[in-house]
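J.: dropping a prediction and its sequence here:
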Amino acid sequence: MPHQLPSSTFCPPNLTYFAPQNSIIILAARLREFHYTTKDTIASLTPLLQPHKADFVTDSFFSQLFMNPLTPLLHLVGSGITAYLLASQIRDAQTRPNVLAGFYFAESGSVPFLTKLRDRAQADGDLWLAEQLTQHANDERRHGQIFANALKQLGKEAITPENTADAATVNADKKEQKSPFFDAYYRYYSQAELKPDVIDWRVFLGSTHILEADACPDFRRMAQALEGVPGMEKIQAGILSVSADEARHAGYLKVAMQRRYGYVATESLINEWRSRKVDALMAMVGNLIERRGAMRTLAQDRVETTPVEPVGEDAKILTAA
Ligand SMILES: [Fe+2]
Ligand SMILES: [Fe+2]
């Protein structure tokens with residue numbers, strides 16, 4: 001009689017889903033080790049070269065010159081891994097609500113931050129930026145609504161302290177929850193320095209530009225992953241419209257940097273945040289390995305009958321069902 005492993009521990013029931021995902025995570029782990037070895041090598045060479053730099057060359061420009069040459073390659077590989085994981089999770093009916101709830105929180109959670117920045121830009125007299133930020137905040141609010149409506153279509157809703165009996169646990173989870181991605185992305189910046197009333201505009205514009213620029217293809221790939229999945233046409237259309245907005249956000253943030261700091265400094269900022277994004281992706285993959293791919297539960301069966309308010313054309317598409 002063949003030896004049988006306990007199916008719940010070593011042999012997940014859905015092997016076709018887990019097996020390729022594990023291979024990708026192992027590949028990512030190797031890549032992560034390679035990435036940090038290369039970074040250490042470059043860091044050890046930099047002090048040898050530092051004394052020869054001319055006075056007019058800034059630290060930022062200097063570090064950019066010696067930026068990890070693997071960054072563009074690692075960016076491509078990291079984006080590929082993210083795209084693969086997102087695509088497989090949104091195609092899987094079991095993990096789909098969690099992905100949608102994650103984006104609901106991310107999109108709607110950025111609205112108060114952007115609104116405060118809008119007020120600050122207005123107070124600074126930068127009316128052009130204030131106008132762009134107003135539009136940006138409105139778009140993110142609408143994106144949050146699109147994901148809320150997508151969850152509703154699946155009979156689900158995001159778990160918030162208001163709609164769960166265990167509000168204390170949700171609040172405690174939120175407090176304890178640390179994001180390895182954002183910790184690495186904003187490394188050396190304290191929480192206090194990242195608040196909207198004090199954040200350095202270069203940090204906000206550079207970091208958000210990269211996140212928005214990458215969100216555009218990520219959402220597009222997610223929408224493509226739903227191709228052929230029955231009943232997903234409306235959710236797919238909503239995600240595609242989000243993708244188009246993210247491209248516009250990336251565009252205005254780059255123009256905002258160019259207006260304030262000029263072409264060279266903008267390119268330098270973009271390179272710095274691109275490099276930080278690669279570090280952050282690697283940190284996220286590392287965390288995923290430690291947690292063996294487990295995700296916190298963000299969605300539950302819909303318990304309220306209150307309709308989700310439709311916002312804009314895309315929300316109309318999603319609530320038409
Ligand atoms: Fe968005
Ligand atoms: Fe956006």
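T.: That came in fine, so what should we check first? Ligands and ions are numbered 1, 2, ... in the order given.
J.: quick one: residues contacting the spatially closest residue to residue 300 that is not a sequence neighbour.
T.: Counting by CB to CB, 6 or more residues apart in numbering, residue 300 lies nearest to residue 159, which is 5.1 Å off, once chain neighbours are set aside. The way it works is simple: take the backbone N, C-alpha and C, and place the C-beta from them, glycine included. Residues in contact with residue 159 (CB atoms under 8 Å, 6 or more residues apart in numbering) are 101, 170, 297-300.
J.: ok, of these, which come out buried?
T.: Buried members of the contacts of residue 159, scored by 16 or more other CB atoms under 10 Å, are 101, 170, 298-300.
J.: what's near enough to touch the closest residue to ligand 2 within the stretch 101-250 of the chain?
T.: Taking CB to the ion as the measure, the stretch 101-250 of the chain has residue 249 as its residue closest to ligand 2, at 4.0 Å. Counting by CB under 8 Å, 6+ apart, residue 249 touches 136, 139, 208, 212.
J.: how about the helix or strand where residue 98 lies and ligand 2, touching?
T.: Using DSSP states H and E, residue 98 sits within helix 96-109. No - judged by CB under 5 Å from the ion, helix 96-109 stays clear of ligand 2, getting no closer than 7.5 Å.
J.: the longest helix along the chain vs helix 96-109, what angle?
T.: If you go by DSSP state H, the chain has its longest helix at helix 233-290. Here the directions of helix 233-290 and helix 96-109 differ by 90 degrees (axes from the mean of the first three to the mean of the last three CA atoms, to 10 degrees).
J.: pLDDT score for the closest residue to residue 238 other than its chain neighbours?
T.: Distance criterion CB to CB, 6+ apart; nearest residue to residue 238, sequence neighbours excluded, is residue 146 at 4.3 Å. Per-residue confidence at residue 146 stands at 96 (pLDDT).
J.: since we're on residue 146, how many residues are nearby?
T.: 30 (other CB atoms under 10 Å).
J.: swap in residue 187?
T.: 11.
J.: residue 112 too?
T.: 11.
J.: next: the one 5 residues further on.
T.: Counted with other CB under 10 Å, the neighbours of residue 117 add up to 22.
J.: name the residues that touch the helix or strand in which it is found?
T.: If you go by DSSP H and E, residue 117 is part of helix 111-124. Under the contact criterion CB under 8 Å, 6+ apart, helix 111-124 has outside partners 127, 129-130, 133-134, 136-137, 140-141, 144, 196-197, 199, 204.
J.: many thanks, have a good one.
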